[in-house]
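Participant: give me the fold of what follows.
(4 chains)
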There are 2 protein chains.
Amino acid sequence: MDPAVSSTDAFGSLSLEHSSTVDRVADELRRAVFEGELESGTPLREVALAESLGVSRPTLREALALLVAEGLATREPNRGVSVARPDPESVRDVSTARTVLETAGMRNWPHASEGAREAVRRALGDYERAVAQGASYQELNQRHLVIHLSLVGLTGSPRLVSMAESIVAELRLALAQIDRVRRNARDQAGSHHHLLDLLEAGDIDAAVAELGEHLHGAEDAIIERLDLG
Amino acid sequence: MDPAVSSTDAFGSLSLEHSSTVDRVADELRRAVFEGELESGTPLREVALAESLGVSRPTLREALALLVAEGLATREPNRGVSVARPDPESVRDVSTARTVLETAGMRNWPHASEGAREAVRRALGDYERAVAQGASYQELNQRHLVIHLSLVGLTGSPRLVSMAESIVAELRLALAQIDRVRRNARDQAGSHHHLLDLLEAGDIDAAVAELGEHLHGAEDAIIERLDLG
DNA sequence: CGACGATGATTGTCAGACAATCTGACAACG
DNA sequence: CGTTGTCAGATTGTCTGACAATCATCGTCG
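Facilitator: As a prediction, the model looks like this:
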């Protein structure tokens, strides 16, 4: 993730990856959740996890607190924390929140910075390239979500983007639980490309409408799979 | 160990204060920050604070992590946690994020639940009543922010509301640092009442426009005071 | 057959300790 | 005189170990 080695100047490659132990533990837990290694609802026992990760219990507890704050896990008093269990209601909520944030970004398309617009184009390009190369559906999922994040980036607000990231994380959790959701990637690529075309053409209302349909469809698909899980 | 349980009446304090120690510590810290007791930038030394609050260091650390996650404090590696220092850029960002969330709520006015609409009316009523009674400007601030939160509530999305709460918290921090910002309360009451009237009349575009102006004005006022602070 | 109490497991919290790092100052050196 | 090296104090990051409170389980007893 940090290939920043190709710098020519004297001190170019000073990445100084000073991530604290807590951060590393939290990263590892997120990865495990997204990868589906931890089923939703499984309790995260502190002693066992701490031992397994080679850290002390207080350190692990701080990492767990982070996960809880992000909505990836839930804590019940005196019963510890366990991997969040996405229910239809929360999926619906995530979807409406997503819609609000991404719509706001799209409506700001004309006034957005050129960099933000370029980020959208790039995200879409990366996605289409991945589709063409038949990448793993995990990578496709990832790149697909990056597109949507870039839409929020059109607002130019770091805080809104970080909120969107948190929401997308919850979505990733839900997707990981379903795992077999392998929707038609080509279809998605076409729909997203159409979205960008509408934006570039200045027909924002149409783009917003299409986004709404897209998100609503995704919401229904997830909930459906969730119910029969 | 907890002598604060001196309830006199039989079951008078049914507060079900099931908040963990960490939560209580975090609450106390937030209060201190909002009250302006802790100037922005002051380092929160762990041992001293833990001793002063009568809790252990790990417990305090968890509370500090919460504050940092909420944006009320910042952590620099190996240098500890200190009260966040709101700079113009972040105030601007908070303001645009606020605008997005509240605008989304207002646009949803016609489709919002009756309860959500009623919450807006109630928040405004409480505010006007407080103004009429000449309440402390802290209470006015508080009630004023509740109005804006209720606007976000029109989206019907708990996640968006909790995001707005986090953002409002940052705003409260900035306000606490300025402290002398005592803008004309009556003027605000009038402007907000006008907003609600527009919504009830169905003229949402006008309401959104007015909100935009209102928030932009607030943003400028805060930044100006911040600069000369 | 169901209510009840003992037992073990797990969390919430604490105390104490250690190495790593930062800060600041002071001495050594060119 | 400015730069560099070194050191003591302070503070954080992390660990170990421990304890009480609470929860879950299950066998026992009425």
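
Participant: show me where chain A has its strands.
Facilitator: Under the criterion DSSP state E, chain A contains strands at A:73-76, A:80-83.

Participant: now for those, which one comes closest to chain B?
Facilitator: Evaluated over the strands of chain A, closeness to chain B peaks at strand A:73-76, with 9.2 Å, by CB to the nearest CB. For glycine as for every other residue, the C-beta is placed from the backbone atoms N, C-alpha and C.

Participant: got the CA positions of that closest one in CSV?
Facilitator: In CSV, the C-alpha atoms belonging to strand A:73-76 read as follows (Å, rounded to 0.1, in the frame of the first residue of the first chain):
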residue,chain,number,x,y,z
ALA,A,73,-18.9,-4.0,16.0
THR,A,74,-21.4,-3.5,18.8
ARG,A,75,-20.8,-3.5,22.5
GLU,A,76,-23.3,-4.8,25.0
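
Participant: does DNA strand D have contacts with that strand?
Facilitator: No. With CB under 7 Å from any atom of the strand as the criterion, DNA strand D is not reached by strand A:73-76; the gap is at least 8.3 Å.

Participant: avg pLDDT for that strand?
Facilitator: Model confidence over strand A:73-76, given as mean pLDDT, is 94.

Participant: what's the most buried one of the strands of chain A?
Facilitator: Ranked by average neighbour count under the criterion mean count of other CB atoms under 10 Å in any protein chain shown, the strands of chain A are headed by strand A:80-83 at a mean of 18.

Participant: any buried residues in stretch A:92-104, and which?
Facilitator: Counting neighbours by 16 or more other CB atoms under 10 Å in any protein chain shown, one finds that the buried residues in stretch A:92-104 are A:92-104.

Participant: got the phi/psi numbers for residue A:39?
Facilitator: Residue A:39 adopts backbone torsions of phi -70, psi 150, taken as degrees, to the nearest 10.

Participant: with respect to residue A:221, which of the buried residues of stretch A:92-104 is nearest?
Facilitator: Out of these, the one with the shortest distance to residue A:221 is residue A:95. That distance is 10.7 Å, counting by CB to CB.

Participant: ok, now which ones touch that closest one?
Facilitator: Each residue near residue A:95 by CB atoms under 8 Å, 6 or more residues apart in numbering or on different chains is listed here: A:215-216, A:218-219.

Participant: could you redo the last one with a cut-off of 10 Å?
Facilitator: With contact taken as CB atoms under 10 Å, 6 or more residues apart in numbering or on different chains, residue A:95 is in contact with A:167, A:171, A:215-216, A:218-220, A:222-223, B:157.

Participant: on the pLDDT front, check it for me.
Facilitator: Value listed for residue A:95 in the pLDDT field: 97.

Participant: buried set for the worst-scoring helix or strand of chain A on mean pLDDT?
Facilitator: In chain A, no helix or strand scores lower on mean pLDDT, DSSP states H and E than helix A:185-201, which sits at a mean of 86. When burial is assessed from 16+ other CB under 10 Å, helix A:185-201 yields the following buried residues: A:185, A:188-189, A:192, A:195-196, A:198-199.

Participant: skipping its backbone neighbours, what lies nearest the residue of chain A found nearest DNA strand C in space?
Facilitator: With CB to the nearest atom of the strand as the measure, residue A:80 is the residue of chain A nearest to DNA strand C, at 3.0 Å. Using CB to CB, 6 or more residues apart in numbering or on different chains and skipping residues adjacent in sequence, the residue nearest residue A:80 is residue A:43, 5.7 Å away.
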